[in-house]
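[1] Need a 3D model of the following:
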Amino acid sequence: MRKKWLVSMLVMLTLFAFPVSAFAAAEGPTNIELQSGLNSAFTFLAVVLVFLMQGGFALLEAGSTRMKNAGHIAGKTILTLGISVIAFWALGFGLGFGNGNSFFGTTGFFLSGDKMAASFESLAFSDVPLTIKFVFHLAFAAVSLAIACGGMAERAKMSVYIVFGTLYTIIMYPVVAHWVWGGGWLAELGMQDFAGSTVVHLTGATAALVATILLKPRIGKYNKDGKPNIIPGHNQVYSVLGVIILWIGWFGFNPGSTLSAMGDGFFGYVALTTNVAAAAGGVAALLISWAVLGKSDIPSMLNGVLAALVAITGACAFVEPWAALVIGALAGIITFFTAQYFDRKGIDDPIYAFSVHGIAGMWGAISTGLFATPELAENAGVGQAGLFYGGGFHQLGVQLLGLAGAFAFVLVMSFIILGGMKAIMGIRVTEEEETMGLDISEHGTYGYPEQMKNADSKSNGGTFSS
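    Got it, this is the predicted structure:
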C-alpha cells in the first residue's frame with residue numbers, strides 16, 4: 001500500500017514539475033528533424049570511412065617501400081593527419097569554404113561550432129550541422145596531404161612533413177577547394193568535380209611530383225646510364241590490404257559527398273558507379289601488365305584500382321554505369337603506362353603518386369566533359385551535359401580549364417615552398433642516414449627490430465651493432 005502511495009505522489013510531482021506542453025514536445029521529432037538527424041548520421045559515417053583511408057595509406061605505403069623505412073612511413077601518416085587537423089581547423093576550413101572572393105575565403109577561421117554557420121554560405125545547401133561538415137571536409141584535406149607526402153618516401157626529413165604539411169593544408173589545398181567547392185571562380189563556371197578528382201587528388205599528386213623532383217631519386221634507383229632499377233616493396237600483402245581499406249573508404253568519399261540519405265537514395269547510385277569503375281580499373285591494369293610484361297603484375301593491378309577510384313571520384317554523380325566502367329578501365333591502363341614512363345624519365349616516385357592520383361585525376365576531370373548526362377548534371381545542379389551527350393565542347397572546356405588552373409597553381413606554389421625549404425633547412429636526409437634507413441636514423445628504432453637485427457648481424461660478419 002505504501003509503495004502505491006509513493007508511486008502516485010511521484011507521478012503528481014512529475015506532472016507539476018513538467019507541464020503537459022513539455023510532454024507534447026516529447027511526442028517525437030518532426031519530419032524535418034528526422035531528416036536532418038538521418039543526414040547528419042549518414043555524413044558522420046562517411047567521415048569515419050574517409051578517416052579509415054589513413055590506415056589504408058599507411059599499409060599501402062609501408063608495404064610498397066623497404067623494411068628499413070616501414071615504421072617511419074607508417075608513423076608519418078599519423079603525423080600528417082594530426083597536422084592537417086590542426087591547420088585545417090585554424091585556417092584551412094575558412095580559406096576553403098568561408099565567405100570571401102573568387103579565390104579564397106576570408107571568414108570562419110578557428111571554428112568554434114555551428115554558431116559560425118553564417119560564415120560558410122557555400123555549405124548552406126545541406127541541413128547537416130556545420131561541425132560535421134567540417135570534419136567531413138577535414139578528412140578530404142587529410143587524404144590530399146597524405147597523397148602529397150607520398151612522393152617523399154624513403155628520403156625526406158621528418159621535419160619536412162611538419163613544415164610542408166602545415167603550409168599545404170593552409171595555403172594550397174584550401175585555395176583549390178574554394179575555387180571548385182567554396183563558391184570560387186571554377187564553381188561559377190560550373191566545373192564538375194563531385195568528390196575531388198581535381199581538388200583532392202590532382203592537388204596532392206602535383207605537390208608530390210614537385211617533392212619527388214626536388215628530392216631526387218633514392219640511392220641505387222638508377223644506374224650511371226640512367227636505366228632504372230626495381231626497388232620492390234617489402235610486403236605486398238600489406239599493399240593489398242591497404243588498397244582494400246582504401247576501396248572501402250571510398251564509399252565514404254564518393255557516396256558520402258551527397259551529404260544525404262534521403263530522397264531517392266542517390267548515394268546508392270554514386271556507390272554503384274564508384275564500384276564498377278574500381279573493378280574495371282583493377283582488371284584492366286592486370287591484363288595490360290600481363291600483355292606488356294609477360295607476367296600479371298600485382299602492384300600494377302593495385303595501382304589500377306586506385307587510379308580508377310581517383311578518376312571516378314569527380315565523375316561518379318554525372319555518368320552512367322557503362323561510362324564508369326570505361327572511365328575506370330582507361331584509368332587503369334593509362335596509369336600503367338605513365339608509371340613506367342615517369343620511372344624511365346628519372347622521376348623516382350616510390351608509390352607512383354603522380355600517375356595514380358595526378359594523371360588519373362586529370363582523366364577524371366576530363367571524363368565528365370565527355371560522359372556527363374543532361375539528367376545527372378541537372379540532378380547534381382552543377383555544369384552541363386558532356387560532349388557525347390549533346391553538350392558540345394562547353395563542359396569539356398570548363399573541365400580542362402579547371403584542371404590546368406589547379407595544376408599550375410599547385411605546381412608553382414610547391415616549387416616555391418619546397419624550393420625555399422630546400423635552400424633554408426634542407427629536405428633530404430644524408431646519404432648515410434638513407435642507407436641505414438629512416439626508421440633508425442629518424443626515430444632510433446626499427447619497425448621490424450628482430451628482422452633488421454638479423455640483417456645487420458649478417459652484414460657485420462655476425463656482430464650486431466646498435
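[2] surely Gly63 meets Val243?
    No - contact between Gly63 and Val243 fails when scored by CB atoms under 8 Å: they sit 9.5 Å apart. In short, each C-beta sits where N, CA and C put it, glycine included.
[3] Nearest the geometric middle of this protein, what residue?
    Nearest residue to the geometric centre of the chain (CA atoms, centre = their mean): Val143, 3.1 Å.
[4] After the helix or strand in which that residue is found, which helix or strand is next? Please name it.
    Under the criterion of DSSP states H and E, Val143 resides in helix 130-150. Downstream of helix 130-150, the first helix or strand assigned by DSSP H and E is helix 158-167.
[5] Name the residues that touch the very next helix or strand once past that following helix?
    Helices and strands here follow DSSP H and E; after helix 158-167, the next one along the chain is helix 173-181. Helix 173-181 is contacted from outside by 88, 91-97, 100, 102-105, 122, 137, 140-141, 144-145, 184-187, 191, 193, 198-199, 203-204, 402, 405-406, 409-410, using CB atoms under 8 Å, 6 or more residues apart in numbering.
[6] Quick one, which of the residues you listed are buried?
    Buried subset of these (neighbour count, 16 or more other CB atoms under 10 Å): 88, 91-97, 100, 104-105, 122, 137, 140-141, 144-145, 184-187, 191, 193, 198-199, 203-204, 402, 405-406, 409-410.
[7] Make sure Gly113 is actually in contact with Ile132.
    No - taking contacts as CB under 8 Å, Gly113 lies outside contact range of Ile132: 11.4 Å.
[8] between these two, who's got more neighbours?
    Between Gly113 and Ile132, counting by other CB atoms under 10 Å, Ile132 is the more crowded of the two (20 against 10).
[9] Against Ala62, how distant is that one?
    From Ile132 across to Ala62, the span is 31 Å (CB to CB, to the nearest Å).
[10] again with Thr80
    Separation of Thr80 from Ala62 (CB to CB) stands at 14 Å.
[11] the more surrounded of those two?
    In this view Thr80 and Ala62 are compared by other CB under 10 Å, and Ala62 has more residues nearby, 27 against 24.
[12] The more buried one reaches Gly75, doesn't it?
    No - using CB under 8 Å, Ala62 makes no contact with Gly75, being 9.2 Å away.
[13] any idea where the helices of the stretch 351-466 of the chain begin and end?
    Along the stretch 351-466 of the chain, counting by DSSP state H, counting those that start in this stretch, helices occupy 353, 360-371, 374-380, 394-424, 431-436, 438-443, 449-459.
[14] Could you point out the longest helix of the chain?
    Ranked by residue count under DSSP state H, the longest helix found in the chain is helix 31-64.
[15] C-terminal to it, what's the next element?
    On the C-terminal side of helix 31-64, the closest following helix or strand by DSSP H and E is helix 70-87.
[16] Now the helix or strand following that next one - C-alpha only, CSV.
    Downstream of helix 70-87, the first helix or strand assigned by DSSP H and E is helix 93-97. Extracted as CSV, the C-alpha positions of helix 93-97 are listed here (Å, rounded to 0.1, in the frame of the first residue of the first chain):
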residue,chain,number,x,y,z
PHE,A,93,38.5,25.5,-43.5
GLY,A,94,37.9,29.2,-43.5
LEU,A,95,40.1,29.8,-46.5
GLY,A,96,38.5,26.9,-48.4
PHE,A,97,34.8,27.3,-47.6
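[17] contacts for helix 93-97?
    With CB under 8 Å, 6+ apart as the test, helix 93-97 has contacts from 104-111, 119-120, 122-123, 134, 137-138, 141, 170, 173-175, 177-178, 181-182.
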